[in-house]
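Chemist: fold the following, please.
(one chain, ligands or ions: 1)
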Amino acid sequence: MGTIVLESELTCPRCGHAKRMLMPTGACQFFYECENCHAVLRPNPGDCCVFCSFGSVKCPPQQQQTMNAPPGA
Ligand SMILES: [Zn+2]
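Modeler: Residues are numbered from 1 along each chain as shown. Below is the predicted model:
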């Protein structure tokens, strides 16, 4: 079993402002407001949450899925 990383650095695509965020384990965060330029970020198509789209680390459910997936799948 690998370790799930709970901290992700979200980078605003508009102003480039980065902030370290603690991800909720039970739910995906769909919206995120940049504290610098106040742009409201939404996930890219196909991504489940803002951490998957703009974070340095994907969200916990995605990390778990990657871990459980057989190699090559
Ligand atoms: Zn911003």
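Chemist: for the longest helix belonging to the chain, packing partners?
Modeler: If you go by DSSP state H, the chain has its longest helix at helix 60-68. With contacts taken as 3 or more CB pairs under 8 Å, 6 or more residues apart in numbering; DSSP states H and E, helix 60-68 sits against no other helix or strand. Heads up, the C-betas are built off the backbone N, CA and C, glycines and all.
Chemist: list the buried ones in it?
Modeler: For helix 60-68, a neighbour-count test (16 or more other CB atoms under 10 Å) marks Pro60, Pro61, Gln62, Gln63 as buried.
Chemist: so which of those residues is the closest to the ion?
Modeler: Nearest to the ion among these: Gln62, at 23.2 Å, using CB to the ion.
Chemist: for that closest one, give me its contacts.
Modeler: Cys48, Cys52 (CB atoms under 8 Å, 6 or more residues apart in numbering).
Chemist: could the buried residues of helix 60-68 go into TSV alongside pLDDT and distance to the ion?
Modeler: Listed next are the buried residues of helix 60-68 as TSV, based on pLDDT from 0 to 100; distance: CB to the ion, whole Å:
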residue	pLDDT	distance to the ion
Pro60	92	24
Pro61	89	25
Gln62	90	23
Gln63	91	25
